[in-house]
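In: Give me the fold of what follows.
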Amino acid sequence: MTADISVSLEGLRAHARQLVEQGGTRFLCLYLDQETQEVNLLTDSESLKKLGEMKVLKELDNILKSSKVDQEKLMFHDHWQMHKAAARPCTSSGHSCHLPPPKLLLSWEKKPPNCFVDQSFPDRSYDKLPGEILRNIFSFLKPSDLKHVMLVSQNWKFVAVDPALWTGLRLPRKCREDVYDFFEFFDSPFACKLQHLALRGRYQLNQLKFEIDDGVISKFLNLNLKSIEIGLADLSKVSAELLANLVNSCKECDITEYYGIHDQNNDADQPDYFLGAKKIEAIIRSLQHGSKLRSFKLKFMTMNFHYEHEEDDYRMRIDLSYIPAEILATAFSMLKELELINLKLGSEQMRSIAECGLGNLTRLSLRGIQLDKAKLMHLLEALDKAHKMKNLELSELDLTEIASVFLSRVINKVERVVLSDIKIETEQIEDIFLGIIKGDSIMKHLGLDLENQSFLENYCLPEVNAEVLAKAVNKLESVAFNTFLSAEQSKMMFEVMSLKTNLKSLESFQFRHCQEPYFPSYYRIDPQVLARALNNLKTVQIDFVNVDRGCCNLTWPQLIAFLKQLNSQTNLETILSDGDKVKVEDLMLKYKN
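Out: Numbering: from 1, shown residues only. Have a look, this model is predicted:
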């Protein structure tokens, strides 16, 4: 109600009586007598009766008798304005269209809805967030941003120093180009955050452009590095022992040794640098004693070299046959991951490695390792006894003389298997598939890459029974076949996939329409069957980039059916296209019409 009330007490009483008795209006007024400090009440009889049933008079009395200090804290609040605001919808995400809720909520008042909470001036501090939440937020920041975060507060600094947040930190550019800036960097508090080190040579990114000697390497020894990468760096001034200590103080090491003289820009006067057998041997020997190394990659690659070297064998290998067999076996037994490319090992070394060096490995990758039947049997027998192996990659091996049942047993004991550029018989592949179908396998991923083999060697897979191949493939979680399949195999595989499949990923799969003369199987698959099959997966590879040139993985009818199914019902989450990941939601928006 609205009334023009006189300032005098007697006038107030007369006006109230007139409103109640003549106008029939409810009236309630409380006032504080400044002389007696008593709270007086003017009201009608019905309101008085209601007030008697509620416990509010005492609350009102306490409010009105508040001290001077409390009164100075009071802020004017008009309930009428608040109720007026409630009559219109809230259109502001910050609720700034409303007044703040009352500081004091009386017992007869209902709690205001959340809509009335004004968030434009939040009374909270991000500094008080739990450390776990701050750490999760900071994980999205680059190391350059974390440097500024550490300056905000002690709490933020305490969270931001977590080494897990600095995984992307590398030597700043000026420290890679100037030796004085390099040594100055190690006096800064950020040096201890460095986790990855790359010692690279010319023509490579992030290389050190000054001389690397024992003084430089010793600086890295004082850090808690996680990984080190070595390739083409001039380490001739670094002692073998010091380099071995640095490598074995890391958890991961990736060494690439090169052969040949780089002919880029005709820069023949500047030699390319190689690590050398002495330093490699020192690193391997240090693995035996208190090493932190758990992942070791040793690769030998050829480079572009001058015409006078063209008669050299491009498959040259690092000769490690001079290293005692027991040292190699002991060193490799300390690792969890081992990758060897283009190495020369002796028979005694392979037997020792097989017997003692593979027990703790969870990942093994061998490529370009010359293994005769005896060496290969040593390796497979060791893998048959290995219980921790989860990832196996074998390349450039002749498996044709290995018993198919034995080979199937070994392969099916590993979760992820990749066989590339190998010689293998149809019966051997079929026995591997039968092991998967019967449930004698723990394999989740199988990759077959036979693209570099001759056509006749490639033709072993199309001769596998189509039903066996289809059932085995759809029991796995992911497959990658870079080889030929027959039309019957392709048809049956996708028919099974369209109904029910355990497959989640189909990658690097050759079903290219533009390769019809050589690989005519996939484009003949029914578009509706293929669409349902692909939409039952989580990840698939489709070349949308070249769709206008007719070199998409799918024909136009297949592509249209796939997109229609994608818009109606799909399990797909990611599509790989020309090396990029495409979100299904983005693709659906692009091809909606």
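In: where does the stretch 51-200 of the chain have low pLDDT?
Out: Judged by pLDDT under 70, the stretch 51-200 of the chain has its weakly predicted residues at 51-125, 168.
In: how near is the spatially closest residue to Ala472 that is not a sequence neighbour to Asn40?
Out: In space, and not counting its chain neighbours, Ala472 is closest to Phe433: 3.6 Å by Cβ to Cβ, 6 or more residues apart in numbering. Quick note: C-beta positions are derived from backbone N, CA and C, even for glycine. From Phe433 across to Asn40, the span is 96 Å (Cβ to Cβ, to the nearest Å).
In: Neighbour count for those two, which is higher?
Out: For Phe433 versus Asn40, the count of surrounding residues by other Cβ atoms under 10 Å is larger for Phe433: 24 against 13.
In: where's that one, which helix or strand?
Out: helix 426-438 (DSSP states H and E).
In: Only the buried residues of that helix, if you could.
Out: Of the residues in helix 426-438, those buried under the neighbour-count criterion (16 or more other Cβ atoms under 10 Å) are Glu427, Gln428, Ile429, Glu430, Asp431, Ile432, Phe433, Leu434, Gly435, Ile436, Ile437.
In: that older thread, hmm, Val468 and the residue nearest to Ala472 touching each other?
Out: Yes. Using Cβ atoms under 8 Å, Phe433 is in contact with Val468, at 5.0 Å.
In: tell me the contacts of the residue nearest to Ala472?
Out: By Cβ atoms under 8 Å, 6 or more residues apart in numbering, the residues touching Phe433 are Val464, Val468, Leu469, Lys471, Ala472.
In: Can you turn the buried part of the residues you listed into a ChimeraX selection?
Out: A single ChimeraX command suffices to select whichever of the contacts of Phe433 are buried according to 16+ other Cβ under 10 Å:
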select :464,468,469,471,472
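In: Between all of the contacts of Phe433, which two are separated the most?
Out: By the measure Cβ to Cβ, Val464 and Lys471 form the most distant pair in these, at 11.4 Å.
In: Identify the residue spatially nearest to Gln370, adjacent ones excluded.
Out: Excluding the flanking residues, the one nearest Gln370 by Cβ to Cβ, 6+ apart is Lys344, at 6.6 Å.
In: That neighbour and Glu401, how far apart?
Out: Applying Cβ to Cβ, the value for Lys344 to Glu401 is 21 Å.
In: what's the answer for Leu392, then?
Out: Leu392 sits at a distance of 19 Å from Glu401 (criterion: Cβ to Cβ).
In: Just want to know which of these two has more residues nearby.
Out: A direct count of neighbours by other Cβ under 10 Å for Leu392 and Glu401 places Leu392 higher, at 23 against 11.
In: Around the nearest residue to Ser486 once chain neighbours are set aside, how many other residues sit close by?
Out: Leaving out its chain neighbours, the residue that sits closest to Ser486 by Cβ to Cβ, 6+ apart is Pro462, at 4.2 Å. Other residues within reach of Pro462 by the criterion other Cβ under 10 Å amount to 18.
In: mind listing what Pro462 touches?
Out: For Pro462, the set of contacting residues under the criterion of Cβ under 8 Å, 6+ apart consists of Phe484, Leu485, Ser486, Gln489.
In: If we only consider those residues, which is nearest to Val179?
Out: Closest approach between those and Val179, by Cβ to Cβ: Phe484, at 55.7 Å.
In: Tell me if I'm right that Phe186 and Lys219 touch.
Out: Yes. Here Phe186 lies in contact with Lys219, judged by Cβ under 8 Å, at a distance of 5.1 Å.
In: anything in contact with each of these two?
Out: Jointly contacting Phe186 and Lys219 under the rule Cβ under 8 Å, 6+ apart is no residue at all.
In: Check the spacing between the residue nearest to Ala472 and Val540 real quick.
Out: Following Cβ to Cβ, the distance that separates Phe433 from Val540 is 21 Å.
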